[in-house]
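Engineer: Predicted model and sequence follow; I will ask about them next.
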Amino acid sequence: MILPLAGGYLADLLLGDPRGWPHPIRLFGWLIHKGEVWLNRGRLRLVKGMLLTLMLVAAVYGICSYIEGLLGRLWMPGYYLFSSVLVFFGLANRTLLQE
């Protein structure tokens, strides 16, 4: 649907990535760091890194899909809001243009 895309894009144009706001990318970066410290030693480091990557991506996709599906069945305004927030966090158009 176009509404979440438009809402997330508009929020990105108006807000950008405000400093100090919680951002899921920071959490993702922290998880990558912890996984790297834990797994990036010994044998099969490449395989362990690939598994960590697949697990993190699958977990984010699964959690977001579950929440979207649940909201889509129970409360459509929440679905549109959640989907717009996902677009907002994933887009970063204003920040990329500034950089």
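Structural biologist: In hand now; what should we look at?

Engineer: and K48, what element?
Structural biologist: Element membership of K48, judged by DSSP states H and E, is helix 45-74.

Engineer: helices or strands next to that helix in the packing?
Structural biologist: Other elements packing on helix 45-74 under the criterion 3 or more Cβ pairs under 8 Å, 6 or more residues apart in numbering; DSSP states H and E are helix 24-39, helix 76-91. In this view, the C-beta of every residue, glycine as well, is placed from N, C-alpha and C.

Engineer: and the first one, how far out from the chain's middle?
Structural biologist: Right, helix 24-39. Put simply, helix 24-39 sits 13 Å off its chain's centre (Cα atoms, centre = their mean, to the nearest Å).

Engineer: Comparing the helices and strands packed on helix 45-74, which comes out most buried?
Structural biologist: Of all the helices and strands packed on helix 45-74, helix 76-91 carries the top mean neighbour count, a mean of 16, counting by mean count of other Cβ atoms under 10 Å.

Engineer: model confidence over it, on average?
Structural biologist: What helix 76-91 shows for mean pLDDT is 91.

Engineer: Much appreciated, bye for now.
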